[in-house]
Structure formats: structure tokens, C-alpha cells
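# Structural data only, the sequence is not supplied:
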């Protein structure tokens, strides 16, 4: 039996795919010690998931590795749809909403490099067997952690005490099974196949092509280095091969395409499921361990990495004593709401691919043509796919301006930044509270002022009571272009860039209430920080 000598860490991460490594990077850059294990002896060499959408690109930018990811990928500038080979519509992405197509193995390579620079490592061939001391009350304060039982490559067994655990171990998650939570949803009747191959013929190098027919869907996506992915639905019992996919392309897809060099092929079933609970006390689920869905729109990898981003800053805040443990209770509701929406949206897309009835085909085709003619898809749906419409639920009235403020209504309009959504990224970058040089642990109180120096100083004084809150002043005109709100006031921005609260001049009491709700009274923060420092010293001494 191994012991955990010289192993001092705050968070055990089970699974070293993109979600686990993103969680590790986000925790490490906030000064949290992590231990990452993965049962696979080597990183996966397969391309798997492809698209990285702009909201996820923000995370790579904050890690300082966006340029490296861009160098390993290509931009997908449009989605084009066909029905029985007849062109229906092409939906171009505005430049700020263009996703990158990066084989998952390349995305993982970039994250491994970031993890290494931050001092993190992955222990390979280490398998989680069980979690002892799980407290099923769900309370953070019911215990100081759980005991993870691990099996190493040589067969030896280790018992290690983990203050917190993140299960990023995929759709067949051991952590989820040990939590005992449900994984409800459905499995599509059809199997799906993919072949990545080089070709002879003419295909656009910057588009995803969707060929829909009663025989099934065929999707073609350009990958870097001249490779194309061909993805299709299969009849029950049908097997995949490059030869079979070639025939499907000849029957359903673009003409004049011939496969020349197969890179990878696979068959898999598609599920639409999400966990009943994303958290049990000190144990959390993220990525495919928490939700799986159709690959339509390339959302899965992005949703998982954003789970990790949401959870990491909250864990860091609690571990450092910057926020009360109750903050962690917001992880599940916030990310479950996103997961449920993604499962629903991708299910709708998948069913649209597979429509067979004549009436259904006519309705679908008319909808695509109308969307292209009116520009609805590019204006409204593209930002959703890009992750620019994610907004977490507002839980308290004090998160919004008091009275009958017009921006309460404006915030409901598509395209308007609102409470719960990401604060306009371009403004945050300009003022230094986003990007690789920003303090990843800091909240930011953004003062929106005109000629009122008094309001600016009043807000600065409020922020000064909480050391973890930084201060930035921007003009009302600068913010109005993105939010529609022309009032002087404030935005309270979380470490993950989402707006926690918005108010106007005269809403100082509402702002203080939100700061206390999120971070506790300033005196409580000092006691938490002292306690966290003491626990860290004791762990090092031990």
C-alpha cells in the first residue's frame, strides 16, 4: 500500500483530457495546488472533437496560448446546408464569431504545454478505484475532504486525502458512478461514423458542409493540413470503412470527391444526457462526466472547458479564503442550465439532419432558406453557437438596478450584455481586467461615469473594503454601445468575466448587498483568509 508522502494538494482532478487540463491550468494560475491523474498510459492521438468557439478562445487567450492554438488550427468561416444535394443556405460567421477547427489532440497538446509552464503534471496510468468518506448530505462543511483510492501502473494501491475532487473522466465517469447521481436522457437510434481522410477533388477549406437527405445526414468539415472529416449517420448494424464512406459521399454528397489517404475512422453512438447533480459536497463533475450530446455544432468540448473555467475560479476563491464555501453551490445550477440548453439545441439540429418525411423536409428546407434570406442565423444563432449569449440565471433582485430601469428590459434583447452574461470582452481587455496579464483571482468593480467624479470615488471607496475587488472606470458612452444602458452606475464583474451585478447611481446599497452575498463581510473575509493560510502551513509542516 502506497502512502501519500510529499503529496500536498488542494484539488484532485480525475481525467487529463481538455476539461481536466483546463481545470488544472485555471487552478494553478490562481495559486491552487492540483494533482491530475488519468487511467490512460499516454495522451490520446486521435482528432476527436474539432471546433473551438470564441468564448472558449477567450480562455486560451487568458492562459497566454491562443496564438499557439491558432497555429495548429484553421478558421471555419461558414456553415453550408444542402437538401438532396441542392444548396439551401450558407450562413457566414462574422469575424468575431469564427470558430477554430483544431483536432482535439492538438488542443490537448496546447493545454499540456500551458499546464507544464504553470508547474502542473499528469500522472498517467493511475486509475481511481473508489472514494471513501463521501458525505451524501452534500454540505461542504460536513467534512474536510474525501479519501481517494488509486491504482498505479505497477498494481500498487494508494490512499490519498483529497480536499476537493473534480471528475473530468468522460461519459463513463467513475466519479459520477461513485456519487450515485443519475444520467438521464436518450440514445439516438442511428449510429454515426466518421472518416478523416485526404482527398482528390474540390472542397472549401474553411467551411462545414451539411448534406441532408432521407437516406441520412452527411457532414464534411475541413481540418488542418489538407485533411477532411466525413461524418454520417448509419443504418442499424452498418459498419464503417473508408470504402463505405466513399460510396455514401458519392450517393449523398458533393460530386468528384475521391478519398486518397485515410487518417482515422470510427463508429459511435450519440447520446443526449446530463447528470442529475453536478456536485456532491466536495466532489464535482465537469465535461462529458456531467453531460453528453450530439456533435451537432461542435459544442461538447467547449461546454466542458467552460465547466472547468466556472468551477476553478470558485474553488480557488474558497480555498484562498476570498469567498465563503457557499459560493460553490452556484456551480451546479449555472452549468446545468447551460448543459440543458446545449443538449436541447443540439438535439433539435440532429433531428433536423435526419428528417425523412416529405412534409418534414419541405418545412426544414423552407426554414433554412428563410433564415439565409433574412440573416437571422448570422445575427442571432451564430452568437449562441459562439458562446456569446451564455448568461447565468439571476438569483437575487439586487443583481439588477433598482426601480423601473430601462436596462432591465433592454437586457432581455438578443445581443445586449446583461447581468449573468460575460461583460463585454473588448472593454475588459482594454482596461486590463481580462487577458493573460489580468489578475485571475480578482473581481472588478467597473464604474460607469460621465462628469460625476463623486460617483467614481464613492464606488472606489466601496471596492476598497474588499481586497479581492479591483476597480476600473469606463465612460458611459463606451459601455452603452455594448449594453444599451446609458446610465451612470456600475458593473460587478466576476473573475471568470461574467457580470455578477449591475446597478445605477443610487444603487449603492444593492452593490454592497451583492458584495456581501458573494464575498461575505470584509471582516469575515479576513478570518477566512487567516484560516486558509493556517491550514496551508499545517499541511506543509505535516
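Good, I have the coordinates. Small disclaimer: the values here were computed from a predicted structure and weren't measured. Residues are numbered from 1 along each chain as shown.
# Quick one: the helices in the stretch 101-250 of the chain, in order.
Listed in chain order, the helices of the stretch 101-250 of the chain (DSSP state H, counting those that start in this stretch) span residues 104-117, 174-179, 242-252.
# chain center to the first one, what's the gap?
In other words, helix 104-117. Distance, stretch centre to chain centre, for helix 104-117: 16 Å (Cα atoms, centre = their mean, to the nearest Å).
# The helices of the stretch 101-250 of the chain: lowest mean pLDDT?
Lowest mean pLDDT within the helices of the stretch 101-250 of the chain: helix 242-252, a mean of 94.
# Which SSE is immediately downstream of it?
Using DSSP states H and E, the next helix or strand after helix 242-252 towards the C-terminus is strand 258-275.
# who does that following strand pair up with?
On the basis of DSSP bridges, the sheet neighbours of strand 258-275 come out as strand 183-200 (antiparallel), strand 291-292 (antiparallel).
# I'd like the next helix or strand past the shortest one.
Per DSSP H and E, strand 291-292 leads on to helix 300-319 as the next helix or strand towards the C-terminus.
# returning to what we had before: please work out which of the strands paired with strand 258-275 is packed deepest.
Among the strands paired with strand 258-275, strand 291-292 has the highest mean neighbour count (mean count of other Cβ atoms under 10 Å), at a mean of 26. From N, CA and C alone the C-beta is placed, and that goes for glycine too.
# Show residues contacting that strand.
Applying Cβ atoms under 8 Å, 6 or more residues apart in numbering, the external contacts of strand 291-292 come out as 171, 185, 271, 272, 273, 274, 275, 300, 303, 339, 342, 343.
# Please apply the same query to stretch 375-392.
Here stretch 375-392 makes contact (Cβ under 8 Å, 6+ apart) with 53-56, 89, 91-94, 96-97, 99, 297, 299, 302, 306, 330, 334, 337-338, 345, 370-371, 414-415, 418-422, 498.
# buried ones in the helix or strand harbouring residue 345?
Assigned by DSSP H and E, residue 345 belongs to helix 331-353. Residues of helix 331-353 classed as buried: 331-332, 334-336, 338-339, 342-343, 345-347, 349-350, 352-353 (neighbour count, 16 or more other Cβ atoms under 10 Å).
# and it with strand 183-200, angle?
Per axes from the mean of the first three to the mean of the last three Cα atoms, to 10 degrees, the angle that helix 331-353 makes with strand 183-200 is 50 degrees.
# name the helices or strands packed onto the helix or strand following helix 331-353?
Using DSSP H and E, the helix or strand that follows helix 331-353 in sequence is helix 358-374. With contacts taken as 3 or more Cβ pairs under 8 Å, 6 or more residues apart in numbering; DSSP states H and E, helix 358-374 sits against strand 78-83, strand 86-92.
# mind redoing it with 10 Å?
Judged by 3 or more Cβ pairs under 10 Å, 6 or more residues apart in numbering; DSSP states H and E, the packing partners of helix 358-374 are strand 78-83, strand 86-92, strand 207-213, helix 331-353.
# Lowest average pLDDT across those?
Sorting those by mean pLDDT places helix 331-353 lowest, at a mean of 88.
# so where is the stretch 301-450 of the chain shaky, pLDDT-wise?
Flagging of the stretch 301-450 of the chain using pLDDT under 70 yields the residue ranges 405-406, 408-417.
# same thing but at 80, please
Along the stretch 301-450 of the chain, segments meeting pLDDT under 80 span 350, 353-354, 378, 403-417, 450.
# Now do the end-to-end distance for stretch 71-79.
22 Å (Cα to Cα, to the nearest Å).
# separation between the residue nearest to residue 282 when sequence neighbours are not counted and residue 477?
Closest residue to residue 282 apart from its sequence neighbours, by Cβ to Cβ, 6 or more residues apart in numbering: residue 164 at 4.9 Å. Per Cβ to Cβ, to the nearest Å, residue 164 is found 43 Å from residue 477.
# for residue 305, same thing?
From residue 305 to residue 477 the distance is 34 Å (Cβ to Cβ).
# Report whether the expected contact of residue 467 with residue 515 is present.
No - with contact defined as Cβ atoms under 10 Å, residue 467 does not reach residue 515; the gap is 11.9 Å.
# what about residue 435, how many residues close to it?
15 (other Cβ atoms under 10 Å).
# So it lies in a strand, does it not?
No - with DSSP: H, G, I helix; E, B strand; the rest coil as the criterion, residue 435 is located in coil rather than a strand.
# Next, the closest residue to it other than its chain neighbours: secondary structure please.
Leaving aside its sequence neighbours, residue 435 sits nearest to residue 429 (Cβ to Cβ, 6+ apart; 5.2 Å). Classification of residue 429 by three-state DSSP places it in helix.
# ok, back up a step: dig out what the residue nearest to residue 282 forms beta bridges with.
residue 11.
# List the residues that contact it.
Contacts for residue 164 (Cβ atoms under 10 Å, 6 or more residues apart in numbering) come out as 9-13, 27, 32, 34, 140, 145-146, 281-284, 311, 315, 318-319, 328.
# Just to check, residue 38 is in contact with residue 18?
No - using Cβ under 10 Å, residue 38 makes no contact with residue 18, being 12.0 Å away.
# Export the helices of the stretch 101-250 of the chain as JSON lines, with columns for mean neighbour count and distance to residue 81.
Compiled in JSON lines, the helices of the stretch 101-250 of the chain are given as follows (neighbours: other Cβ atoms under 10 Å; distance: least, Cβ to Cβ, whole Å):
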{"stretch": "helix 104-117", "mean neighbour count": "20", "distance to residue 81": "25"}
{"stretch": "helix 174-179", "mean neighbour count": "22", "distance to residue 81": "35"}
{"stretch": "helix 242-252", "mean neighbour count": "17", "distance to residue 81": "13"}
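# Mind checking those helices for the one nearest to residue 473?
When the helices of the stretch 101-250 of the chain are compared by Cβ to Cβ, helix 104-117 sits nearest residue 473, at 31.8 Å.
# what angle do that closest one and helix 300-319 make?
20 degrees.
# Who are the packing partners of helix 104-117?
helix 18-28, strand 51-52, helix 54-63, helix 66-71, strand 122-124, helix 300-319.
# Now do that helix against helix 54-63: the angle between them, please.
Orientation check (the same axes, to 10 degrees): helix 104-117 against helix 54-63 gives 30 degrees.
# who's in contact with residue 489?
Going by Cβ under 10 Å, 6+ apart, residue 489 touches 401, 405, 407, 446-449, 455, 459, 476, 479, 502-508, 510-511.
# Select from those residues every entry located in strands.
Counted as lying in strands by DSSP state E, out of the contacts of residue 489, are 446, 447, 448, 449, 502, 503, 504.
# Most widely separated two among those residues?
The two members of the ones in strands among the contacts of residue 489 with the most space between them (Cβ to Cβ) are 449 and 502, at 14.3 Å.
# These two: which has the busier surroundings?
Between residue 449 and residue 502, counted using other Cβ under 10 Å, the more crowded position is residue 502 (33 against 19).
# got the contact list for residue 312?
If you count contacts by Cβ under 10 Å, 6+ apart, residue 312 has them with 11, 13, 22-30, 32, 34, 166, 286, 331, 440, 495-496.
# Pull up the gap between it and residue 18, please.
Distance from residue 312 to residue 18, by Cβ to Cβ: 14 Å.
# cool, and residue 371?
Applying Cβ to Cβ to residue 371 and residue 18 gives a distance of 31 Å.
# So for those two, which sits in the more crowded spot?
Neighbour tally, residue 371 and residue 18, criterion other Cβ under 10 Å: the higher count belongs to residue 18, 25 against 19.
# dump the residue contacts of the more buried one.
Listed by Cβ under 10 Å, 6+ apart, the contact set of residue 18 reads 48-49, 52, 56, 104, 107-108, 110-112, 168, 287, 301-302, 304-305, 308.
# just curious, which of the buried residues of helix 331-353 is nearest to residue 395?
Proximity of those to residue 395 (Cβ to Cβ) peaks at residue 334, which lies at 9.6 Å.
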